[in-house]
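In: the following comprises the amino acid sequence and a computationally predicted model.
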Amino acid sequence: MTSDGRNELRNERHVDARAMRFALVFPLLLAIGLIAGGLMMTAKLPGGAVLPWGGDPVSMPVFLAVGAAVILLVGAGLGSFGARTKLPRTLRRILLGVAMALQLAACTLFAAALLGQAGEGSLPSVRVDGYVLLMGCGLAAAMGVVLALTFKPDEQWTSADDQALAALLDAEMDPTAVNDQMAYFIHPRGSVIMMILLAAILPGSLLTLLSPWILLGLGVAALLVIAMLCATVQVDRRALVVKILGLVPVLVAPCEGVDAAVSLDIVAGDYGGVGLRKHSGSATFLARSGAAVVLRMNDGGKVVVGAPNLDAADELSEILNRRAGKTPQQR
């Protein structure tokens, strides 16, 4: 496929899927964190709370619902425009940066209202705690600038491009091969790891004023998610084995059950997403989009395993093609 053809395919895709996922998931996690922290303060505000802009007190569920709605509106509503590939690249960066700043500021505003009205010790109750609001808005502005400067608004690679680049390697069937073994480690991209940590630490840092357990819980959850996406891939003359963190085997494909293997540059979403996936006799383990090996099994199933790069994927597919259909005793 020519470069013009690839550009036409990319232009048909009007939404940057990665940016859209971040624009929707981050404010959702922020809203959930606000609700969790607010529920912990219900006992301190038995008569409800006044919304940050004033008025009569409302019940805590209504207060938290309004706060979550505001966060989702400014975060997902504005951030989703930054995922549209038809917009200029600079404008997309600005939109995502502004969305980040506004949703963090909104979360800070409602958290400051809860803390101010609850009052701690001898401190008088106020509608909004000014110190909390000032510190949180400063962090919000800084994070908005950081996201606007670091976000790379690139169009996503499509499955049509993958199919155009895919080519089944004519593996040399050498029955004397005795060193058919390989091992490597796969993990998410550094930017993905940072986004997962930010999605946990930023809301947790804002809501730690309500309860330090929120930050701890979100941090542990983020590390668990990252750990579930890291694995070692090992292949020898018997089987292909995937172990999470090199310890827990979650996918085993015996070489005698392999019909053929091919190395591809794939999009994880086309194979069910990242992580371990098992469905209808097929199994996949992908840490990210990119290089991978697709195995066609004798029973009609499919196994897909990620690789750090296309060179490693080529080598793995060559080994599996040499060992395809062979028992360990065959040489």
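Out: Looks like it came in fine. Numbers count the residues shown, from 1 in each chain.
In: where does the stretch 1-150 of the chain have low pLDDT?
Out: Residue ranges of the stretch 1-150 of the chain with pLDDT under 70: 1-13, 119-125.
In: if we go to 50?
Out: Applying pLDDT under 50 to the stretch 1-150 of the chain flags residues 1-12.
In: just the helices in it please.
Out: 3-12, 17-40, 60-79, 89-118, 130-150 (DSSP state H, counting those that start in this stretch).
In: buried deepest among those, which one?
Out: Among these, helix 89-118 has the highest mean neighbour count (mean count of other Cβ atoms under 10 Å), at a mean of 23. Just so you know, the C-beta spots here come from the backbone N, C-alpha and C atoms, and that holds for glycine as well.
In: tell me the helices and strands packed up against it.
Out: If contacts are counted by 3 or more Cβ pairs under 8 Å, 6 or more residues apart in numbering; DSSP states H and E, helix 89-118 sits against helix 17-40, helix 60-79, helix 130-150, helix 190-207.
In: next, the angle from that helix to helix 130-150.
Out: 160 degrees (axes from the mean of the first three to the mean of the last three Cα atoms, to 10 degrees).
In: so what's the gap between helix 89-118 and the chain middle?
Out: Chain-centre distance of helix 89-118: 21 Å, with Cα atoms, centre = their mean, to the nearest Å.
In: so residue 261: helix, strand or coil?
Out: Under the three-state scheme (DSSP: H, G, I helix; E, B strand; the rest coil), residue 261 adopts strand.
In: sorry, wrong one. I was asking about residue 292.
Out: strand.
In: how about it, what does it touch?
Out: Contact analysis of residue 292 by Cβ atoms under 8 Å, 6 or more residues apart in numbering lists 263-266, 271, 286, 304-307, 313.
In: list the beta-bridge partners for it.
Out: On the basis of DSSP bridges, residue 292 is bridged to residue 264, residue 306.
In: what's the first-to-last distance across stretch 287-301?
Out: 21 Å (Cα to Cα, to the nearest Å).
In: now do stretch 254-274
Out: The first and final residues of stretch 254-274 sit 22 Å from each other (Cα to Cα).
In: could you list the buried residues of stretch 211-230?
Out: 211, 214-215, 218, 222, 225-226, 228-229 (16 or more other Cβ atoms under 10 Å).
In: for the helices of the stretch 1-150 of the chain, which one sits closest to residue 322?
Out: Nearest to residue 322, of all the helices of the stretch 1-150 of the chain, is helix 3-12, at 32.7 Å by Cβ to Cβ.
In: I'd like the helices of the stretch 1-150 of the chain laid out as TSV, including distance to residue 257.
Out: Listed next are the helices of the stretch 1-150 of the chain as TSV, based on distance: least, Cβ to Cβ, whole Å:
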stretch	distance to residue 257
helix 3-12	35
helix 17-40	33
helix 60-79	44
helix 89-118	45
helix 130-150	44
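In: residues in contact with stretch 237-247?
Out: Stretch 237-247 is contacted from outside by 178, 180-181, 185, 227-228, 230-235, 249-255, 258, 276, 285, 295, 303, 305, 316, 320, 323, 326, 328, using Cβ under 8 Å, 6+ apart.
In: in helices, which of those residues fall?
Out: Under the assignment DSSP state H, these contribute 227-228, 316, 320, 323 to helices.
In: where does residue 178 land on pLDDT?
Out: pLDDT recorded at residue 178 is 52.
In: ok, now how distant is residue 220 from residue 134?
Out: As for residue 220, its distance to residue 134 is 30 Å (criterion: Cβ to Cβ, to the nearest Å).
In: got the angle between the helix or strand hosting residue 219 and helix 190-207?
Out: In this structure, residue 219 sits in helix 212-228 according to DSSP states H and E. Using the same axes, to 10 degrees, the interaxial angle of helix 212-228 with respect to helix 190-207 works out to 170 degrees.
In: what packs against helix 212-228?
Out: Helices and strands touching helix 212-228, as assessed by 3+ Cβ pairs under 8 Å, 6+ apart, comprise helix 17-40, helix 190-207.
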